[in-house]
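Colleague: what follows is a protein structure lacking sequence information:
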């Protein structure tokens, strides 16, 4: 069960509107997920609309019983879920006597009776009923007798699934094994789910332990978003189940799209080293790893060619060796790279890297071509003037840009929604460049005051290829301009290089 839209929304700073919830829900469904927890009952009118619209659209495609919602032990919550059209109510049940006494002010038997009564009411409304054992990891250690009594009653009431929540991420894999194995042996006909949190970084390990020792369902979120340190991530759990248990749960080719969509709509960043979907997950850097990987000695199933629609690449930095430089040049179309020039490039890359410069494969090709006396000349920025244009309805910016190439200057004016938009429009008119901005990051070195340099890193799309360039200046718009010109110059050099190769 994916809980990105319910538990994932408990991430600090994350809130989805109805359209965003619908978009992620359909992306999950398209990837093969057939249990989607979309909301907490009665949380908001917007959540009601999101659930209602999603369930209605799914039914139009002939699919039912996909959407689930969290419910307190309250009739209005059951009514909300029923009216929204969801298939399942996931009851939040206290699993420790301490919680019942201090949070509910009741005794355990009364709480169990309340749960059974609300279960009957939900079934009268034709809902599937699951039970979250809230803070199970605490309850099983401090109220074990009560937990077993609760499960006994829930199983007799024909609760569809009992969901064991490690709410505070307390368990180790060994503890998960111990308690779940005991439960599944005592109640072999009960469907248990495992719901793990990542406070110790063990959510995926605990989820896999839960499945290994008898749980039939796993709760996950895309990119592992969720309360505090997050939940077990969909991508690591799904891929691990396939590779270690032979259990197919999802279309792996949809993982990257799903991850990027959730990242964009949630605003929650993905760490570069996040397994599977992180930008560094398929990059070798150290020379010894690169050399070994090229000989098939440093690999694993995650790095299989085009798995997850990702390509293994080799980072260029101070740890790079000749092997990675050779392979990247050959990928760029250089036939039989000159070993002496490659050795020189390795030295230069190390120097540039220690100065905090990022060296892309396009940079590498430019450096190589320069050393072989190829033409790498390009556009240079000579001047930029900007002014605001005010009308009754809007404010825009006009930029006058002068570029120079091979001794010839060109000046043109253009209008845009902001400074860089206006500059970019002018540059496109001069150069004829067909570039689309995909991603834009700005960083400022700490402690340098208001006059510090701005480092602008931009990802560009050009003919289905992605280029990464950087520009540095005290003015953010000019820094972005340098990055854009660098991308255009790289494209033009590559065109000339490819043309010369074709002639050969």
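Modeller: Now that the structure is in, tell me what you want to look at. If you're wondering where the values come from, they're calculated on a predicted model, not measured in any experiment.

Colleague: packing partners for the longest helix belonging to the chain?
Modeller: The single longest helix within the chain, with elements called by DSSP state H, is helix 476-503. For helix 476-503, the elements it packs on are helix 361-371, strand 380-390, helix 419-431, strand 436-443, strand 454-462, strand 465-473, judged by 3 or more Cβ pairs under 8 Å, 6 or more residues apart in numbering; DSSP states H and E. C-beta: built from backbone N, CA, C; applies to glycine.

Colleague: and these: which comes nearest residue 161?
Modeller: Judged by Cβ to Cβ, the one of the helices and strands packed on helix 476-503 that comes nearest to residue 161 is strand 436-443, at 40.0 Å.

Colleague: adjacent strands (with direction) for that closest one?
Modeller: Here strand 436-443 is paired, per DSSP bridges, with strand 454-462 (antiparallel).

Colleague: pLDDT of the partner strand, averaged?
Modeller: The average pLDDT within strand 454-462 is 88.

Colleague: give me the contacts around it.
Modeller: 358, 434-445, 466-476, 479-480, 482-484, 487, 491 (Cβ atoms under 8 Å, 6 or more residues apart in numbering).

Colleague: go on, stretch 8-27?
Modeller: By Cβ under 8 Å, 6+ apart, stretch 8-27 touches 4-5, 36, 38-39, 46-47, 49-50, 53-54, 57, 67, 221-222, 225-227, 230-231, 254, 257-258, 261-262, 265-268.

Colleague: can you pull the pLDDT of residue 25?
Modeller: So residue 25 comes in at 95 (pLDDT).

Colleague: surely it forms part of a helix?
Modeller: Yes - assessed with DSSP: H, G, I helix; E, B strand; the rest coil, residue 25 lies in a helix.

Colleague: go through the helices and strands packed on helix 476-503 and find the least confident stretch.
Modeller: It's helix 361-371: among the helices and strands packed on helix 476-503, that one has the lowest mean pLDDT, namely a mean of 73.

Colleague: angle of that helix against strand 465-473?
Modeller: 80 degrees (axes from the mean of the first three to the mean of the last three Cα atoms, to 10 degrees).

Colleague: for helix 361-371, name the packing helices and strands.
Modeller: By 3+ Cβ pairs under 8 Å, 6+ apart, helix 361-371 packs against helix 322-331, helix 339-354, helix 476-503.

Colleague: now the angle from that helix to helix 339-354?
Modeller: 130 degrees.

Colleague: pretty sure residue 142 is touching residue 96, no?
Modeller: Yes - look at residue 142 against residue 96 with Cβ atoms under 8 Å: they come within range, at 5.7 Å.

Colleague: so after the host helix or strand of residue 38, what's the next helix or strand?
Modeller: For residue 38, the element it lies in under DSSP states H and E is strand 36-40. Following strand 36-40 in sequence order, the next helix or strand is helix 45-60 (DSSP H and E).

Colleague: same question for whichever helix or strand comes after that next one, mean pLDDT?
Modeller: The helix or strand immediately downstream of helix 45-60 is strand 67-71, counting by DSSP H and E. Averaged over strand 67-71, pLDDT sits at 97.

Colleague: quick one: contacts of the helix or strand just after strand 67-71?
Modeller: Sequence-wise, the next helix or strand downstream of strand 67-71 (DSSP H and E) is helix 75-84. With Cβ under 8 Å, 6+ apart as the test, helix 75-84 has contacts from 39, 41-42, 48, 51-52, 55, 69, 71, 88-89, 118, 121-122, 125-127.

Colleague: in helix 75-84, what's buried?
Modeller: Within helix 75-84, the residues scored as buried using 16 or more other Cβ atoms under 10 Å are 77-78, 80-82, 84.

Colleague: columns distance to residue 279 and pLDDT on top of those, output as JSON lines?
Modeller: Shown next, in JSON lines, are the buried residues of helix 75-84 (distance: Cβ to Cβ, whole Å; pLDDT from 0 to 100):
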{"residue": "77", "distance to residue 279": "41", "pLDDT": "98"}
{"residue": "78", "distance to residue 279": "44", "pLDDT": "98"}
{"residue": "80", "distance to residue 279": "40", "pLDDT": "98"}
{"residue": "81", "distance to residue 279": "39", "pLDDT": "97"}
{"residue": "82", "distance to residue 279": "43", "pLDDT": "97"}
{"residue": "84", "distance to residue 279": "37", "pLDDT": "96"}
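
Colleague: ok, these vs residue 104, which is closest?
Modeller: residue 77 (15.4 Å).

Colleague: can you tell me how far that closest one is from residue 401?
Modeller: Counting by Cβ to Cβ, to the nearest Å, the gap from residue 77 to residue 401 is 59 Å.

Colleague: identify the residue spatially nearest to residue 411, adjacent ones excluded.
Modeller: residue 402 (4.4 Å; Cβ to Cβ, 6 or more residues apart in numbering).

Colleague: starting at the chain centroid, how far to the helix or strand hosting that neighbour?
Modeller: For residue 402, the host element (DSSP H and E) is strand 395-405. Computed by Cα atoms, centre = their mean, to the nearest Å, the chain-centroid distance of strand 395-405 equals 36 Å.

Colleague: got the buried residues for it?
Modeller: Quick answer for strand 395-405 (16+ other Cβ under 10 Å): 397-403.

Colleague: which phi and psi does residue 169 have?
Modeller: Residue 169 adopts backbone torsions of phi 60, psi 40, taken as degrees, to the nearest 10.

Colleague: what pLDDT does it get?
Modeller: Reported pLDDT for residue 169: 96.

Colleague: where's it relative to residue 201, distance?
Modeller: For residue 169, the distance to residue 201 - Cβ to Cβ - is 9 Å.

Colleague: overlap in contacts of these two?
Modeller: By Cβ under 8 Å, 6+ apart, the residues touching both residue 169 and residue 201 are residue 229.

Colleague: would you map the helices across the stretch 101-250 of the chain?
Modeller: Here the stretch 101-250 of the chain has its helices, by DSSP state H, counting those that start in this stretch, at 108-124, 136-142, 144-156, 173-186, 203-212, 234-245.

Colleague: which one of these lies nearest to residue 381?
Modeller: helix 234-245 (41.5 Å).

Colleague: right, and the helix or strand after that closest one?
Modeller: Next along the chain after helix 234-245, with elements defined by DSSP H and E, is helix 255-266.

Colleague: and the residue nearest the centre of the protein?
Modeller: Among the residues of the chain, residue 259 comes closest to the average C-alpha position under Cα atoms, centre = their mean, at 3.7 Å.

Colleague: residues contacting residue 106?
Modeller: So residue 106 contacts 100, 114 (Cβ under 8 Å, 6+ apart).

Colleague: try 7 Å
Modeller: residue 100 (Cβ atoms under 7 Å, 6 or more residues apart in numbering).

Colleague: so it versus residue 92, what's the distance?
Modeller: For residue 106, the distance to residue 92 - Cβ to Cβ - is 15 Å.

Colleague: tell me if I am right that residue 335 is in a strand.
Modeller: No - Residue 335 is assigned coil when assessed by three-state DSSP, not a strand.

Colleague: ok, it - how many residues close by?
Modeller: Residues near residue 335, counting by other Cβ atoms under 10 Å, number 8.

Colleague: just how off-centre is stretch 419-438 within its chain?
Modeller: 29 Å.

Colleague: next, the nearest residue to residue 242 once chain neighbours are set aside: phi, psi?
Modeller: In space, and not counting its chain neighbours, residue 242 is closest to residue 248: 5.9 Å by Cβ to Cβ, 6+ apart. Per-residue torsions, residue 248: phi -90, psi 130 (degrees, to the nearest 10).

Colleague: columns distance to residue 237 on top of the buried residues of helix 75-84, output as TSV?
Modeller: Shown next, in TSV, are these (distance: Cβ to Cβ, whole Å):
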residue	distance to residue 237
77	28
78	30
80	29
81	26
82	31
84	27
